[in-house]
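> how would this look folded up:
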Amino acid sequence: MKFFASCGKGLEYLLADELVALGCTRATAAMAGANVEGSLADAQRAVLWSRLASRVLWPIAEFDCPDEHALYAGVAAIAWPEHLADGHTLAVDAHVSGEKLTHARYAAQRVKDAVVDVMRAKTGARPDVDVEAPDLRINLVVRKGRAIVSIDLGGGPLHRRGWRETQGEAPLKENLAAAVLMRGGWPKLYAEGGALLDPMCGSGTLLIEGALMAADVAPGLLRLGRALPTRWRGFDLPAWQQLLEDARQRETVGRAHLRPVFHGSDLDPHAVRAARENAEVAGVRDALYLDVRDVRALPEQSNPRGLVACNPPYDARLAADPALYRALGVALKRVAPQWKASLLCGDAELAYATGLRAGKKYQLFNGAIECTLIVVDPVAPPQRERSEELPALSEGAQMVANRLRKNLRKLKSWREREQVSCYRAYDADLPEYSAAVDVYTTDEATPRIFLHVQEYAAPADIPEPVQRRRLNELLAAAREVFAVPREQIALKTRAKGKGGSKYGQFDTRGEFVSVSEGDTRLRVNLFDYLDTGLFLDHRPLRLRIAEEAGDTRFLNLFGYTGAATVHAAVGGARLTTTVDLSATYLEWCADNLRENNVGGTRHRLVQADAVTWLEADTHEYDLIFCDPPTFSNSKRADDFDVQAEHVRLLRAAVARLARDGVLYFSNNFRRFKLDDAAVATFAQCVEITPETIPPDFARDARIHRCWRLQRRP
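Modelled structure (predicted):
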């Protein structure tokens, strides 16, 4: 038979491996779960032993389900007296998608109605509903017009182990804790004599789960006690009793040999007290050492081997403080440098804030919160000699390195004077090595340097192997000059494709780092997109906006990630409005505003086509920034061509200017020609391009053009 085991998003492949290890014939990862092949006894073993599954669902019927009538008929066709005994209670969980069935609660009600009607007609008795502890829990999934009705063999959520008496403000689900431990290789480390440390233990979830894993205690034993997980008539009771007997024998042996190698601490005494109470119920209190302690005061670990498993605070309920993550990383390097670490962090940026170099990264979900799990091994790797890490440069690479160093010397006094931490260091200075190299220095307690390398299209007569060699030489030179590891270089390469040279696939690392510019802090993503979220050539114009924004009503058209908006807000703008068609960019803008402690109704984000919205808007603005793309097309708006549309765009924008208001208009279309005659009819216009080109882009003064406009009297 085939059955389905559900789990939290991000755990699917780990769950599939676990189910095969538990004896299932086959398991393949699916969305939020695994499709499994095996016997009913295998499925019942998963209910008792799976540390990762949320539910184990045994299907009993599948049918076409275009609407509620088909749903009722399909459920009513099932011989329910074969599944549900007289006097037993039931509950229905439903998950639906489609045009006709849109409400899960209503779908669950229709399933319940069908079951009750069948049972009343067949037995004369009507089963009652018990949503908390039913005798039979039914699961319905409707997707793409097909319904699957299953028996929930576990009778409810499997992550509830039965030992949690007290929980903290943001408890970690037990099956997610098990995933953190498994990714860190905890069972193997314990078998090799290792210890477990959680320096921010909260109510003790990771430590208790780790102790129960080490003691070989089936996760379903405490939850169920001597009760059956379900009273479904098809349940294989002899197989279940044999599973329980084997599990209890293993538990007896495992608890007797459990070593007291579990160390936890937390700054909150209430959390530590909760951890002690939970450990007592779980029967592992004597194996845990718990105390109230700041992470900065951790003692050195005497065991040479071990795992640090930790879930630092990261969401809206618990402040996500990068300084705390940095303190955690520093402490772990000091107290357990040769240990392994498995840290569930709020996002990639907070993970980076630890200062630990992750060997592996995973995207997991703690409920609805997307998190980043990093696995570090070891916590503090030994420093390698530079000569071992970077081979000697070739003649071409040495030439590029020399030019990079020359550029850095030339820009040094300007960078120090203006406190510029993100800049262009190289822009095809040597024609054979045709790429741009941008430097991004993170705004962290211990700053890190990232390089963003963007390859330019090579002439058609240059063989591809030559292009590759030159690019590799440029990368080697950049690593040598900036002393950065390979994983801190974001490379955007050209690929041959239909229609000519274009950029190839990008990474999907989901990694954001924060950088500083002027008085602001901005988030950039160097790996996932062609652009990083921050156009470095517009730095002078953003700083100019910050200077002029005091007590103004600011409008940012084609707002992108909102860097100009943040500068205006930090510069004292009374109101800001940011308009962009992309929800992704507006969300990024919101993150940038939060990064600078800016928020509230005074800062409006509008998802709309900028030109259409502008022509319908009736508000006045004192300061407007408009930096449209050269060309864009979207299903949600008409195509936009800056050359063809700029007069219409500028006329609408100038009409929204207050008296003495200023509009800054720029674009990076190299063949752009402003229609001076048309613009002169409604605006005073002065080109200020030279004032907006920073020194690091002086080699390419055509990177953009910029004008300052005001309304004609």
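> Low-confidence ranges, the stretch 601-713 of the chain, go.
Scanning the stretch 601-713 of the chain for pLDDT under 70 picks out 634-637.
> for it, what spans make up the helices?
For the stretch 601-713 of the chain, helices defined by DSSP state H, counting those that start in this stretch occupy the ranges 610-616, 642-654, 676-680, 689-692.
> Measure how far the first one is from the centre of its chain, please.
In this case it means helix 610-616. Distance of helix 610-616 from the chain centroid (C-alpha atoms, centre = their mean, to the nearest Å) equals 33 Å.
> do stretch 336-348 as well
16 Å.
> Show me which residues of it are buried.
Ala336, Trp339, Lys340, Ala341, Ser342, Leu343, Leu344, Cys345, Gly346, Asp347, Ala348 (16 or more other C-beta atoms under 10 Å). Glycine gets a C-beta too; all of them are placed from N, C-alpha and C.
> So which elements touch the longest helix along the chain?
Ranked by residue count, the top helix of the chain under DSSP state H comes out as helix 395-418. Applying 3 or more C-beta pairs under 8 Å, 6 or more residues apart in numbering; DSSP states H and E, one finds that helix 395-418 contacts strand 422-427, helix 464-482.
> Can you say which of those is packed in most?
Most buried of these by mean neighbour count (mean count of other C-beta atoms under 10 Å) is strand 422-427; its value is a mean of 22.
> Give me the below-cutoff pLDDT ranges for the stretch 251-400 of the chain.
315-320, 383-391.
> Which of the buried residues of stretch 336-348 sits closest to Glu245?
Of all these, Glu245 sits closest to Ser342, with 33.3 Å by C-beta to C-beta.
> before we move on, the earlier item: redo the helices and strands packed on helix 395-418 as TSV? Include mean pLDDT and distance to His257.
Putting the helices and strands packed on helix 395-418 into TSV (pLDDT from 0 to 100; distance: least, C-beta to C-beta, whole Å) gives the following:
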stretch	mean pLDDT	distance to His257
strand 422-427	96	55
helix 464-482	92	49
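> Leaving out chain neighbours, which residue sits closest to Arg656?
Of all residues not flanking Arg656 in the chain, Tyr621 sits nearest, at 5.5 Å (C-beta to C-beta, 6 or more residues apart in numbering).
> State the distance from that neighbour to Tyr664.
Distance, Tyr621 to Tyr664, by C-beta to C-beta, to the nearest Å: 12 Å.
> how many neighbours does the closest residue to Gly599 other than its chain neighbours have?
The shortest distance from Gly599 to any non-neighbouring residue, by C-beta to C-beta, 6+ apart, is to Leu593 (5.9 Å). Neighbouring residues of Leu593 were enumerated by other C-beta atoms under 10 Å; the total is 22.
> same check, this time on Arg105
9.
> residue at max distance from the center of the chain?
The C-alpha centroid of the chain is most remote from Gly124, which lies 53.1 Å away (C-alpha atoms, centre = their mean).
> tell me the phi and psi of it?
When read as degrees, to the nearest 10, the backbone of Gly124 gives phi 80, psi 0.
> Now do the contacts for it.
By C-beta atoms under 8 Å, 6 or more residues apart in numbering, the contact set of Gly124 is empty.
> Number the residues from 11 up from this point.
All set: I'll call the first residue 11, so the last point we hit is now Gly134.
> Quick check: it vs Val128, distance?
12 Å.
> about what we covered before: what's the pLDDT at the residue farthest from the centre of the chain?
Gly134 carries a pLDDT value of 91.
> And the helices of the stretch 611-723 of the chain: which comes nearest Asp471?
Asp471 lies closest to helix 652-664 among the helices of the stretch 611-723 of the chain, at 30.8 Å (C-beta to C-beta).
> residues of the closest one that come out buried?
Neighbour counts over helix 652-664 (16+ other C-beta under 10 Å) mark Val652, His656, Val657, Leu659, Leu660, Arg661, Ala662, Ala663, Val664 as buried.
> now those residues in CSV, with distance to Ala292?
Below are the buried residues of helix 652-664 laid out as CSV (distance: C-beta to C-beta, whole Å):
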residue, distance to Ala292
Val652, 64
His656, 68
Val657, 72
Leu659, 65
Leu660, 68
Arg661, 71
Ala662, 66
Ala663, 64
Val664, 69
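> Who's the closest spatial neighbour of Leu182, skipping the chain neighbours?
Closest to Leu182 by C-beta to C-beta, 6+ apart is Thr215, at 4.6 Å.
> give me the number of residues near Val227?
By other C-beta under 10 Å, 24 other residues sit near Val227.
> picking that back up, in contact with the residue nearest to Arg666, which residues?
By C-beta under 8 Å, 6+ apart, Tyr631 lies in contact with Thr562, Arg563, Phe564, Leu565, Thr587, Arg666, Leu667, Ala668, Gly671.
> And Leu536, by the same measure?
Here Leu536 is in contact with Tyr450, Phe460, His462, Ala500, Glu521, Val523, Thr542 (C-beta under 8 Å, 6+ apart).
> ok now do the closest residue to the fifth one other than its chain neighbours, which residues does it touch?
Okay, so that is Glu521. Leaving aside its chain neighbours, Glu521 sits nearest to Ala358 (4.0 Å; criterion: C-beta to C-beta, 6+ apart). Counting by C-beta under 8 Å, 6+ apart, Ala358 makes contact with Lys371, Thr382, Arg519, Gly520, Glu521, Phe522.
> Now the helix or strand containing Asn566: average pLDDT?
Per DSSP states H and E: Asn566 is located in strand 563-567. Per-residue pLDDT over strand 563-567 has a mean of 97.
> and stretch 577-586, how far apart are its ends?
10 Å (C-alpha to C-alpha, to the nearest Å).
> What lies in contact with that stretch?
Contacting residues not belonging to stretch 577-586 are listed as 527-530, 552-553, 555-566, 575, 603, 606, 608, 612-614, 633, 635 [C-beta under 8 Å, 6+ apart].
> Is there a quick PyMOL command that grabs whichever of those are buried?
Per 16+ other C-beta under 10 Å, the buried members of these correspond to this PyMOL selection:
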select buried, resi 527+528+530+552+553+555+556+558+559+562+563+564+565+566+575+603+608+613+633+635
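> Quick check: strands, which of the contacts of stretch 577-586 are part of them?
In this view, these that belong to strands under DSSP state E are Glu527, Thr530, Arg563, Phe564, Leu565, Asn566, His613, Arg614, Leu633, Phe635.
> Could you measure from Arg584 over to Asp627?
Plainly put, Arg584 is 17 Å away from Asp627 if you go by C-beta to C-beta.
> just to revisit the earlier point, which one of the helices of the stretch 611-723 of the chain lies nearest to Asp74?
Asp74 sits nearest to helix 620-626 of all the helices of the stretch 611-723 of the chain, at 42.5 Å, using C-beta to C-beta.
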